[in-house]
Structures are given as structure tokens and as C-alpha cells.
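Q: Got a predicted structure plus its sequence, pasted below:
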Amino acid sequence: MTEDITWLFLDPSLKISFQGLTTSGVVSPDLHFIHTPQQLVGVVGLEIHAQINSSTKLFSGSSVRFSAPPNSLVSFFDASLPGTLPVLNRRCVEAAVMTGLALNCNINRKSLFDRKHYFYADLPAGYQITQQRQPVAVDGTLTYSLLEGKKRSQVIRKNVHIKQIQLEQDSGKSLHDDVHSQTLIDLNRAGVGLMELVMEPDMSCGEEAAAAVRELQLILQALGTCQGNMSEGQLRVDANVSVHRPGEPLGVRTEVKNINSVRYLARAIDYEIQRQIGILQRGGTVQNETRAYDSKSGLLIKHSLPISLTSAASFFRFMPEPNLPPLIVYEDNASLPAGIDACQAVVVQKIKEGLPELPSIKRDRLVQTYGILPEHSFTLVNEDGLVEYFEAVLMATKKEPRKVIGWVTNELLGHLKQQDLSVSQSPISPPALAELLELQETGHISSSVAKQVFQKMWRSPGKTAAQITQEHDLGLVSDTAQLHSICQKVVDSHPDEVHAIRNGNKKVLNKLMGLVQKETKGRADPVLVRKILQEKTS
Amino acid sequence: MLGLFFLGVSLALREGRISPTELCKKCLNRIKKTQHLNAYITVTEESALKQAQQSEVRLLKGPLDGIPFAVKDNFCTKNIKTTCASKMLKDYTPPYNATVVQKLLDQGAVLMGKANLDEFAMGAGCTDGAFGPVKNPWSYAAPYREQTGAMLESDWAITGGSSGGSAAAVASLTSYLALGSDTGGSTRNPGALCGVVALKPTYGLLSRHGLIPLVNSMDVPGIMARSVNDAAIVLGILQGLDVRDSTTVPAPSPLTELPQDFDVKNICVGIPKEYHAPGLSEETLAQWSRVADLFERAGAQVKQVSLPHTQYSIVCYHVLCHAEVASNMARFDGLEYGHRSQIDSSTEVMYASTRHEGFNDVVRGRILSGNYFLLKQNYQHYFVKAQKVRRLIADDFRNVFGSGVDVLLTPTTLSDAACYQDFTQEDNRTRSAQEDVFTQPANMAGLPAVSVPTALSRRGLPIGLQLIGPALHDKKLLSVAQWIEQRVGFPSISDWDYSRERSAHIH
């Protein structure tokens, strides 16, 4: 009992219960659950390298392009030819400042560059220029959301603290040819600008980490500071994972590397948490090591190669980069010293004014403006271009947003996903969809026919909803005489049902209505059909 | 003709008394005759003649057009080997020109070759390069030979370093000017010992782009010339902002020729008492006093000043230097360029053997100690502390210049040039500590400094004095230097030209 209470005291979130306990001196029966020994829980921090979306590298004029021929984008500086010097790319600084602002960071008016030394074949200078002592942005917050509950309709907001954002150089790529025991070096990536974002260990599982990374990805894409494509390595995530009992000091951590999708990130972290819990429960100890995720097996494998780098972390020799003066950013144009051209300087105020709508704001706006559900706002924002698509449809139809949203998030998105298409590749344009919805809204086609028309439109791009409706004779049948004869046929062939209705079981009418719609392939005007059937069964 | 200042030659070229090609040929001929000095690692005969010819067909466009010059072999030269006097870069040919080289070429100056140095500019004698030591031209001239009774080939004196080849090239009349580099005195020291004017401009005034670094935070391209005015003209051409070097600053003013009648009446000359260092030769001290007296008699205010942290400077210099060396040398791994060892059983083994084979003991020693200073557990004790003291040294200068002093007058070196055999009795580290004692504080503070030859010693070797000025006051500094030059009457080596050559032939 005493032990359990000590536990409680160490857990800040349960402190209030503990105080209740001591003042009353009585163990309340409904607090019994806290007396079982606490479970081991995961603690996750992230180090994220985001490649800056810039046409040239951080310190040289070489172009930045994915999958260019090897060593075709290499300047003298990138190859570390003797005598070359770094020249800072303003675009990269602006990207880092903008990202810092979007993540509520303090922007350091003065930041510094450092050299971090290690020998590696794809690091030509023998050191990386980074920002160890004073990074460009510090102390920010990322707010992300988890969707919980049965229908994932409950939105839980969480925060993760951003320790810092630093500018640094990317390395080249080593290609190991085991057959000829050779290593081939491609320096195209060497010197590309990176933002390293350090997220504090405020997350507890793979799902949280994945949600945080996904939100960051959306923010970076909205800002245009990073394309955020994990499979192309534009966003690289390393996770520091440990387990502990809440309130106890953090456990020994491992570093999980080589994760190239958000989905694998969640899996890898959860796998690692379970692995560590298993070790501790068997009485073992967790080793400080680097583990790489193998997406084929879903296993984390002890890293063989770059571990020599990480294990030598204490031997990284840091030194101020003597070829780059301190990086100064200015608050506003008024604070620019005389003789400095505003076009050449990085001005925080100007960048602030240029910030686009961030995903969280966009979601709130969508919920408030259109009255859609929060989970729908997530779906919209998660898909590049879907918000714009949705809003373009709304512009062209009188249909209520709440009725349109399903068409966009189910019909459209479903079809897109099935064929692995992006929103911009949709064969149905927003005005085309709007026209279809209008036909339904004005009673020209039924809702079930509308779905058929959608399918046909998808398969034959360019044809309008009206054309398809006409070609396939899908227009609503509202000819009273024709409907009368169909209804009569149904009534005649289902005497038992008619009998039931006449005995007061009005629900059976729906069955007859369905049969009529079957006859008409869903084209019958439901209001009219109901009226006729009611007459004939009364 | 060869003994002239380049301005004099420039005039001769314009007046058609000599053509650029004739001048170039004379210098090439001279280079051959003075080959024993080992001043050049590479002589660019073919391209020099081509450049001279181009200069000939074009209307001479400026004072440097057609003027032969030499470049220390740690400045990158496009399609011309740049070795840093190291096995590591023995066959390295850069694909670009250093900014300062390009600026001289743009003026029509004719590159005669790449001058010898200590390996990667680490040394104060020009005795520690992969291509052998450089010999002081004055130790082949009559005054030295006669006064020391030197008869043996091995009696030659060193040039000082590390830009010994550049100094020897200018002193032996094979080039009218030369680029050196100055990190702790590497331009001024050989300038003083070889009797040429040697300017280390304010840090940041000249681009370092293309200068293979020793210590980035102290390196400055140095200018060596036969007269202060020549140096001033070259400075005017080379100075200013370079987008390729973020540490450059705009030139405070365009600099052309110096005023010929500079008045020292209104200037205040500081004599730092800490520069009365142990080991300062009697003769150098006498020159120092003599020039101080000249100022005084001309009406300048001469006063003793104190730079109290000077004594710590050389130690801090070595810590900072070695740390940056360790960092700068990390790129020489044999992968992208330079020497690559045949031993390649693994990448790590290849690195190790490449670097062992490629660097000499001096370089390897500095890398080792530099990495030690940068270790996490040592960083605060060595690197950070040295940086703090560096700040105090810079503050010393600031205080002195803030108190009304215009220039400081000091010796450049402790004495005249040592005999090679004596100099090599001590190791490189000891010699660097001794030889850089008066010169490296200006690098620590980033200040302009110039060495002016003042007299020949009793041994017949040059003695130089140093002037140090406030940052970006390079022009005023040179004006004062010229005032000294006009009064000390330093002789030209061409006065003994033939005897020098004869003595060279005897041995």
C-alpha cells in the first residue's frame, strides 16, 4: 500500500487523488484501480530531418533535384574542393524561420553555425555544418490531434514541445556494392539544406508519434518549406524510444532509424515499446543502441553500419564554423541597420505576414463555415487539394455542404484511393460533380441513380451528368400513368404484403416501394410512388 | 630592368622600352639561373609567355598589365598544379582560380609560377615542404658571402616562412610581386628576412576564396612587393567584397597610389613594451630604435604603450591554429582528389594510410593536437579559453588605438635569417613559437600589418620592422610604411647582382 502511494505521488497527473487520500485518511473504494502496480508505458521523442524545398543547396549554387544522374548536381564546394567556402542560401533561412513561426518557436535574432566532425565517405569535408550552439529557432509547440472513439469521431488535441529547429547540411549517399566490396558515392544530396526539428519525448506510442509527424508534414507542405515526401527522403524521422513507469525517471532509450512512411513509424515505435517492455518484464536491461526498421519483416534490426557514428557521439568534435559570420535575422524593416538592403535581409515580420493558413486553422474554419463534422475536416485537410476541391464544388451547387461532404470524402476519395490517384488527377472535376449533385437536388435523378451516374462519369471523363442521365435513360420517372401500372403490378403480385399493410403494418409499404424502384432501376419519383402505393393499399 | 619596382617597369612597358614578352623572358631566364633557390614548385613558362603575348597585342590597360608575378602554391590556380607543398596534393590541379589570383590575371599580370612554402603553410622557415627548403637569395649575395666568409653551399640562410618561395621570388627579381598568405606572420616573416615589403591586410579586406586554408579565422592573402607603393596598388586591386567569401567586407575607400609627401607630424607611433622579447637581437633592436628616432625627429609623437596580454598570444594562437587545422585537414581523405593510398583493405584503413602517407610530421602533429583540443571534455579548457584570451588580445589593440595611437612600430622577427643548419636544430613547433612571436598577435586581432626592410645586418642579411594599424586603416598604415621606406635607404639586391650569381656558380 505504501509503495503504491509513493507511486502516485511521483505521477503528477494523479497527484490530486493522492491529496484526497491523505486528507481523508480513508481509501475510497472507487480509487481501488490505482493500487495495482503501474504499467510500463512508452516514451517517444523524435528527431526529424526535413529537406528544405529550395532550388539550390544550403551553401552552394548547385541545384536540388531528386533522382538526378549520380554526381550531376555537385559544385566545387559540395565536393569540398580545397579553398572553397560556404555561402548561405537566404531561401533556406527564410524556410527555417517560417517553419519556426508556424510551430510557435522563438526565432533567434542571432544564430551560429558549427562544424560537426566525423569521417564518412559521403561527407566530403569530414564535417557537417550545423547549428549546435545557437539554432535559428527554439522552444516551440506542435499541436496535433488524435481521432478516438468507436467511429473515430472524438478529436483529442495534444501538444508536443519543439526543442529547436536547426539548419544543417545533408550528406551524400553511399551505395555499398558487396559483390565487388566497393562503396560508390553520390554527392547530389551533399549540401542540400535540412531543417532538423527536435521534438521532446512528449509522446507515448506510435499512433501519437505518427499523428504528430503527419501534422508536421501537413504544416510543412502548407508552408511550402518542405515537400515532406517520406519515401523520397524529404522527411526523415528518427525516434528515440524508451519505456518507464509513469513518475519514474525515463528508461534507457534506443534510436529507431530508417523509417520511410508514417504508417511504418507507428508500427516501428509500437514494436520497439513492446520489445523493451518484454525485456524488462523478463528482468533484462535495455541496451542503448540504434535499430533500423525493416519494412518487409516489420522488425527492428540492430543497425550495423552507421552505428559506428552514433556510438561515437561523444567524440563528435564541434567547432564554430569560421567561414560563416553569425546569422542575423531582423524583426521588421524598421530594425534593419543602415546600409542593409531589405531584399537581402531576412525579416521576421515579412515572413509572418506571408504565412499561409495552417492545417489546424483550416480544419476549424471548415467545421465552422460549413457545419461539417470535425473528422471530415481531417479527411479534407489530409488529402492534398481536397479542401479546394470541396470548396469548388460548393461554389457551383446549392446543395448543403453537409450533404456534399459525403460525396467528396466517400465517393470521390474512395475512387481516388482505389486507383492511387491524387485529387488533381480526378477524372471528375468539381463543376462536373456539382452538376451531378444539382440534378439530384432538383429532383431530376434519385440519390441511388446519382451514384450510378457518378460511376459512369468516372469511367468516361468529359461526359456531363446530364448527358449520361439522358443516354442511359436514368431520369426520374414521374409519369403518373406509367407509375400507376407498375405499382398495380407490384400490388397484384404481393397479396400477403398488401394484407399486412391493411392490417396496420405500415412498414411493409417500404418493401413494396423497393420493389417498384427495382422495376424502374431506381428512377421512380419516391414521393409519387409512396402516394400511389398508399392509395392502392388503403 | 629587373631590379625596378613594378611601377617603374610598368612605365617602361608603356613607353615601349621593353615589351611584355621580353620582360617575361627575362624573368623566366632569371628563374632558371636562380633554380638553386627552390623558390618555385611549378614554373608556368608556357602560359606565362602566352599571357605576355596577350598583354602585348592589347593596349596596356593598367599598371599591372604585363607585370610578372608569383603565387604561393596554396592559392588555387585553374589548370595549374596547386600542391601546398604536400604529397597529399602533389598532383592536384584545381578547376578554378582563387579570387585574388583571378583579379591579378584580370589586370593583365603575368603568372610566372607557383611559389614554394612549408607544407600547408605550417612553418616559419620554409624548410618543411615536400619539395625541399627555399634558400634566401641574400645568402648568395656579396654582403653575406663576404662578411660571413661563407664558402660552402650548405652555409645558405633560410627565407623564413611559410611564404618563403614568394619572398624569394620577389627578392631574387624573378617576379615583381607575389601573393603569400599570412596566418601568424607567414607573409611578413619571410618578407623581413628576404628584404621585401610584406603586407598582411585587415582580415576580411581580401577574399580567401581559393586560398587553401590554414586557420580560416586568421588567414589573409598577403602581398609581397619591392616597394610600399607597389604593395598599395596591388591592395587597391585586390581589396573588397567577394560574394564567394562571406567574411569579406567592403573596401573603406578605393586605393590607388600613396601620397608621396606623407607628413608624420600629426601621427602618434606606439612602441609596445612587451615586444622587447627575449631573444631579440641587438641589431634588430638597434633598427627599431633608429626608426623610432626618425619619427621623433620628424615631429611624430612616439610613446611607449602596453599590450598586456601579448605574452599569452602565441600559446592561444597554437591552440586555435591546431584546432582549425584538424578541422580543415579532415577533407583530405583521398576520395574526391589528392593522394590515395594503395592500402585499401577497408575504408578506414585507406583513410588512415592515405593521411599518413600524404601529410608530413608537422601537419599530422597539428591534426593530432587540434583534435585533442576539440574533444568534448577538452573543448572548454583549450578552445574556448583560447578564444577568450584572443578577445583580450584584440581588446589590448583596441585600447591602444583608442587612446590616440595611429600605428604601432615593432620588429618583425627576432633577428635576421638563420643559417639552415642552425634553424633545423630545433623542431617546427619550437621555431614557429619563436618566429611568430611579433607577428601573430595582429592575426589574432585581424589587424593590418606591414613589414618594411630597413637595413642589412652585419651578416649581410635583411632586417625588417613591422607597423601594425587599426582595422581597415590599411592605407594610412602603408603611408607611414612608405615614409620609413623613403628614409632608411634599404639597398637593392641588384646592386650585387653579378657577384650573387658568381657565388652561385662557384658552388
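A: In hand now; what should we look at? This is a predicted model, so every value here is computed, not measured.
Q: pull the helix or strand with minimum mean pLDDT from the chain.
A: I'll assume chain A. Least confident helix or strand, chain A: helix A:2-10 with a mean of 29, by mean pLDDT, DSSP states H and E.
Q: same question, chain B
A: helix B:497-506 (a mean of 42).
Q: what residue is smack in the middle of the chain?
A: In the absence of a named chain, this looks at chain A. What sits nearest the mean C-alpha location of chain A, by C-alpha atoms, centre = their mean, is A:Arg214, with 2.4 Å.
Q: hm, I was asking about chain B
A: Geometric middle of chain B (C-alpha atoms, centre = their mean) lands on B:Thr187, at 1.5 Å.
Q: Give me the nearest residue to that one, chain neighbours excluded.
A: B:Gly222 (2.7 Å; C-beta to C-beta, 6 or more residues apart in numbering or on different chains). C-beta here means a position set from N, CA and C on the backbone, and glycine is covered the same way.
Q: How about A:Ala239?
A: A:Ala239's closest residue in space is A:Val256 (C-beta to C-beta, 6+ apart), at 4.4 Å.
Q: Could I get the buried residue list for the helix or strand where the one you found lies?
A: Element membership of A:Val256 [criterion: DSSP states H and E] is strand A:254-259. Neighbour-count burial for strand A:254-259, counted by 16 or more other C-beta atoms under 10 Å in any protein chain shown, picks out A:254-259.
Q: what is the residue nearest to A:Ala239 paired to in the beta sheet?
A: A:Ala239, A:Arg291 (DSSP bridges).
Q: for it, what are its contacts?
A: A:Val256 is in contact with A:238-241, A:268-269, A:272, A:290-293, A:300, counting by C-beta atoms under 8 Å, 6 or more residues apart in numbering or on different chains.
Q: Take those and write them to JSON lines, including neighbour count and distance to A:Ile340.
A: Shown next, in JSON lines, are the contacts of A:Val256 (neighbours: other C-beta atoms under 10 Å in any protein chain shown; distance: C-beta to C-beta, whole Å):
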{"residue": "A:Asp238", "neighbour count": "17", "distance to A:Ile340": "38"}
{"residue": "A:Ala239", "neighbour count": "28", "distance to A:Ile340": "41"}
{"residue": "A:Asn240", "neighbour count": "20", "distance to A:Ile340": "40"}
{"residue": "A:Val241", "neighbour count": "30", "distance to A:Ile340": "46"}
{"residue": "A:Ala268", "neighbour count": "29", "distance to A:Ile340": "47"}
{"residue": "A:Ile269", "neighbour count": "29", "distance to A:Ile340": "46"}
{"residue": "A:Glu272", "neighbour count": "26", "distance to A:Ile340": "49"}
{"residue": "A:Thr290", "neighbour count": "21", "distance to A:Ile340": "44"}
{"residue": "A:Arg291", "neighbour count": "23", "distance to A:Ile340": "48"}
{"residue": "A:Ala292", "neighbour count": "19", "distance to A:Ile340": "46"}
{"residue": "A:Tyr293", "neighbour count": "24", "distance to A:Ile340": "47"}
{"residue": "A:Leu300", "neighbour count": "23", "distance to A:Ile340": "50"}
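Q: pLDDT check: weakest of the residues you listed?
A: Scanning these for pLDDT, the low point is A:Leu300. It has 68.
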